[in-house]
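A.B. asks: Attaching a predicted model along with its sequence, questions to come.
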Amino acid sequence: MPNYKLTYFDGRGRAEIIRLILTYAGQKFDDNRVGGEVWAKFKPSTPFGQLPVLEIDGNMYAQSTAIANHLAREFGLYGRSNLDAFEIDQVVCLMQDFWSAVTKVYGEKDEAKKAELMGKFTQEEVPKFLGLLEKLLKQNSSGCFVGSDITLADLFVYDLLWNLKSKLADVFEKYPLVNGHQDKVGSVPQIKAYVAARKPTTF
Ligand SMILES: N[C@@H](CCC(=O)N[C@@H](CS)C(=O)NCC(=O)O)C(=O)O
């Protein structure tokens, strides 16, 4: 088995999907968290001057989605056919659109504008995305997004909705399949143990 070292800041952010894949696969990895001066010194040695990076047996790779896709293929989480992979990518891209909507709100510095964006986000964006996910789960009817096993798509959705589910419990109640999906992924023993033990961070 290769040796995996993941480097990111001390938060979930763009690295958490990678941590979840490795955890789900039962793969040990070095969860290296950096900041401040350590990052400033390390930055020039990374492929694109950004984190996360994954080192596999000492070779360094960048871009969180490329890393997640590679690991999903390595650990059999990318479906059983090209068409499955296509459907998985579809869900991942949808969640990336959702992530853009999230960062637009949280990245706003002006407090009044932020409050306005937050209102639009909870009343329009969240129901829109949860509705689309609910529809996909209804169509597939296995409790997973693609096929009948947990794939990259399920881990991606779980990761991006994790924080929101506790904050917007009343909204989630309206999407029982999405709600149940979060519980399903969150109750996988290795995911449950990992999430219970992980350091709480804002993002
Ligand atoms: N598309 C890249 C974006 C990476 C990115 O924006 N990384 C940010 C943290 S989330 C970063 O490294 N910021 C520090 C810097 O640019 O110096 C990915 O998904 O990996």
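C.D. replies: All right, it came through fine. Note that the structure is predicted; figures quoted are calculated from it, not measured. Numbering: from 1, shown residues only.
A.B. asks: Quick check: buried residues in the helix or strand where residue 6 lies?
C.D. replies: Under the criterion of DSSP states H and E, residue 6 resides in strand 4-9. Using 16 or more other CB atoms under 10 Å as the test for burial, strand 4-9 gives 4, 6, 7, 8, 9. In short, each C-beta sits where N, CA and C put it, glycine included.
A.B. asks: can you list the domains in the protein?
C.D. replies: Domain ranges of the chain: 4-75, 82-187, per automatic domain parsing.
A.B. asks: And the last one, end to end?
C.D. replies: Counting by CA to CA, to the nearest Å, you get 28 Å between the two ends of domain 82-187.
A.B. asks: check whether it contacts the ligand.
C.D. replies: No. Domain 82-187 is not in contact with the ligand by CB under 6 Å from any ligand atom; minimum separation 9.1 Å.
A.B. asks: Tell me how far that domain lies from the chain's centre.
C.D. replies: 10 Å (CA atoms, centre = their mean, to the nearest Å).
A.B. asks: still on that earlier bit, ok, so of the buried residues of strand 4-9, who is nearest the ligand?
C.D. replies: residue 9 (6.4 Å; CB to the nearest ligand atom).
A.B. asks: contacting residues for that closest one?
C.D. replies: By CB atoms under 8 Å, 6 or more residues apart in numbering, residue 9 lies in contact with 15, 33, 34, 35, 39, 51.
A.B. asks: In space, what's closest to residue 16 - neighbours in sequence excluded?
C.D. replies: residue 159 (5.2 Å; CB to CB, 6 or more residues apart in numbering).
A.B. asks: measure that neighbour to the ligand for me?
C.D. replies: 13 Å (CB to the nearest ligand atom, to the nearest Å).
A.B. asks: try residue 173
C.D. replies: 31 Å.
A.B. asks: ok, now which ones touch that residue?
C.D. replies: Residue 173 makes contacts with residue 179, as judged by CB under 8 Å, 6+ apart.
A.B. asks: Let's see the pLDDT reported for it.
C.D. replies: In this prediction, residue 173 carries a pLDDT score of 94.
A.B. asks: for the helix ranked longest in the chain, packing partners?
C.D. replies: Longest helix in the chain, counting residues (DSSP state H): helix 82-106. Judged by 3 or more CB pairs under 8 Å, 6 or more residues apart in numbering; DSSP states H and E, helix 82-106 is in contact with helix 64-74, helix 111-120, helix 126-140, helix 152-167.
A.B. asks: Just send the ones you listed back as a markdown table, with mean pLDDT and mean neighbour count too.
C.D. replies: Below are the helices and strands packed on helix 82-106 laid out as a markdown table (pLDDT from 0 to 100; neighbours: other CB atoms under 10 Å):
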| stretch | mean pLDDT | mean neighbour count |
| --- | --- | --- |
| helix 64-74 | 98 | 19 |
| helix 111-120 | 94 | 12 |
| helix 126-140 | 98 | 16 |
| helix 152-167 | 95 | 21 |
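A.B. asks: Which of these sits closest to residue 95?
C.D. replies: helix 152-167 (5.0 Å; CB to CB).
A.B. asks: what residues are up against the nearest residue to residue 181 once chain neighbours are set aside?
C.D. replies: Leaving aside its chain neighbours, residue 181 sits nearest to residue 137 (6.0 Å; criterion: CB to CB, 6+ apart). For residue 137, the contacting residues are 143, 145, 177, 178, 181, by CB under 8 Å, 6+ apart.
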